[in-house]
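**Q** dropping the sequence and predicted coords here.
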Amino acid sequence: MKPLLELQEVHKHFHLRASLLGRWLAGQRDRTVHAVNGVSLVVYEGETLGLVGESGSGKSTLGRLAIRLQEVTQGLIRYNGLELGKASPAQMRQLRRELQIIFQNPYSSLNPRKSVRQIVGSALEARGVRDPRQQELEIRALLQRAGLPERFIEAYPHQLSGGQRQRISILRALAVRPRLVVADEPVSALDVSVQAQIVQLLEELKRDFGLTYLFISHDLRVVYHISDRVAVMYLGKIVEVGRSQELYHRPQHPYTQALLASIPRLENRYLAGGRPVLEGSVPSPLNPPKGCPFHPRCPVKLSISPLDFYLHSPQ
């Protein structure tokens, strides 16, 4: 398969400046959040790459970096062979049609003052469809494709349910005919029954329109169902990547094993295998651990004395 999106040693750091009062009273200093730390990843054309991890692992930040909604601190991102960091504003305007994102909360990502006609119509205008009659036909066709009644064309976001709003968000992204869609927790705020409907819709749209997905979620069951490959992220780093079936049935990294052990099921094969459930919480990205970021919580970490390290290290 052809690589569509390539990330090479991508870093994203957020600098937090201490207030003058904090500096004076508490001696606070400027701090740096290491949100993404040296991530290298490839998304192939036509596939769905799932990105999983606990809250605070940097998944959403990585998704925004991938389509240049945020600028990288260090590293390289290529889309279809073009380095996004060097793309001109005119090039980025063209690429915005091919790079789309579906946000977690559709109510906050949709303009409450605009109807469905205006929301989807603005996306069609960005694609170059400015004829009102053609817009009307396409919007109604998209609504039908998403399983929504045509009367919703005049509805506003507050008049729709959570699942219906998310379908409108998907239609807005689809209206510009993208190639790559970053789905950032698109079903986490929905009921389980609605989640299944949205996932099925995303799969159908991928098949019908030849889409490529970077699917971000903390729900491993959803990711297993929709993804061709899965990347596991912990504290800004990718700890394991593999085919969906292989990774879920033969996980290699202790963090992946612990995540799979946490999936509730009547007969949990991962718990039955004697793998312990994770204890503690994700360390602060303000002060990430040295070496492997998972070692403070790792059940199989090795403890080596300074003398053993000296005696066995290459001289």
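**A** Ah, there it is.
**Q** for this structure, where's the lowest mean pLDDT among helices and strands?
**A** Of all helical and strand segments in the chain, the minimum by mean pLDDT, DSSP states H and E falls on helix 269-272, at a mean of 42.
**Q** and H253, what pLDDT?
**A** For H253, the pLDDT comes out at 90.
**Q** give me the number of residues near it?
**A** 20 (other C-beta atoms under 10 Å). The C-beta positions use only the backbone N, C-alpha and C, and glycine is treated the same way.
**Q** for it, which non-adjacent residue is closest in space?
**A** Leaving aside its chain neighbours, H253 sits nearest to E240 (4.3 Å; criterion: C-beta to C-beta, 6 or more residues apart in numbering).
**Q** from the contact counts, what lies against the helix or strand hosting the one you found?
**A** Secondary structure from DSSP states H and E places E240 in strand 237-243. Applying 3 or more C-beta pairs under 8 Å, 6 or more residues apart in numbering; DSSP states H and E, we find strand 237-243 packed against strand 31-44, strand 229-234, helix 254-261.
**Q** would you mind checking the average pLDDT for the shortest one?
**A** So the one you mean is strand 229-234. 96.
**Q** tell me the strands beside that strand, with direction?
**A** Here strand 229-234 is paired, per DSSP bridges, with strand 48-52 (parallel), strand 237-243 (antiparallel).
**Q** go through the last one and flag the buried ones.
**A** For strand 237-243, the buried set under the neighbour-count rule, 16 or more other C-beta atoms under 10 Å, comprises K237, I238, V239, E240, V241, G242.
**Q** one more: stretch 84-93?
**A** Result for stretch 84-93 [16+ other C-beta under 10 Å]: buried residues L84, A87.
**Q** what residues does that stretch touch?
**A** Identification of contacts with stretch 84-93 by C-beta atoms under 8 Å, 6 or more residues apart in numbering yields I67, R68, E71, V72, L76, I77, R78, L82, L95.
**Q** got the angle for the strand holding E240 vs helix 254-261?
**A** 60 degrees (axes from the mean of the first three to the mean of the last three C-alpha atoms, to 10 degrees).
**Q** who are the contact partners of P254?
**A** R275, F294, C298, P299, V300.
**Q** what bridges to the residue most central in space within the chain?
**A** Centroid-nearest residue in the chain: I216, 3.1 Å away (criterion: C-alpha atoms, centre = their mean). Note on I216: beta-bridge partners by DSSP bridges are L51, D184.
**Q** wait, what's in contact with it?
**A** G50, L51, V52, K59, S60, L62, G63, V182, A183, D184, E185.
**Q** try it again at 6 Å.
**A** The contact partners of I216, taken as C-beta atoms under 6 Å, 6 or more residues apart in numbering, are L51, K59, G63, D184, E185.
**Q** between those, which sits nearest Q252?
**A** Among these, L51 lies closest to Q252 (C-beta to C-beta), at 17.3 Å.
**Q** all strands of the protein, in order?
**A** Listed in chain order, the strands of the chain (DSSP state E) span 3-16, 31-44, 48-52, 74-79, 82-83, 99-102, 180-184, 212-216, 229-234, 237-243.
**Q** E203 and L148, how far apart?
**A** Distance, E203 to L148, by C-beta to C-beta, to the nearest Å: 17 Å.
**Q** pick out whichever of those two has more residues nearby.
**A** Set E203 next to L148 and count neighbours by other C-beta under 10 Å: L148 wins out with 20 against 15.
**Q** dihedrals phi and psi, that one?
**A** phi -110, psi 140 (degrees, to the nearest 10).
**Q** so what's it closest to, chain neighbours aside?
**A** Nearest to L148 is R167, by C-beta to C-beta, 6+ apart, at 5.9 Å.
**Q** before we move on, what about L16?
**A** According to C-beta to C-beta, 6+ apart, the nearest residue to L16 is R31 (4.7 Å).
**Q** next one, pLDDT for the one you found please.
**A** pLDDT at R31 comes out at 83.
**Q** quick check: it touching F14?
**A** No. Using C-beta atoms under 6 Å, R31 is not in contact with F14, being 9.2 Å away.
**Q** ok so, going back, what about the residue nearest to the centre of the chain, distance to R165?
**A** Counting by C-beta to C-beta - I216 and R165 are separated by 19 Å.
**Q** wait, which of the contacts of P254 is closest to N105?
**A** For the contacts of P254, the nearest to N105 is F294 (29.4 Å; C-beta to C-beta).
**Q** burial count for the closest one?
**A** 20.
**Q** can you pull the contacts of it?
**A** Here F294 is in contact with Y234, Y255 (criterion: C-beta under 6 Å, 6+ apart).
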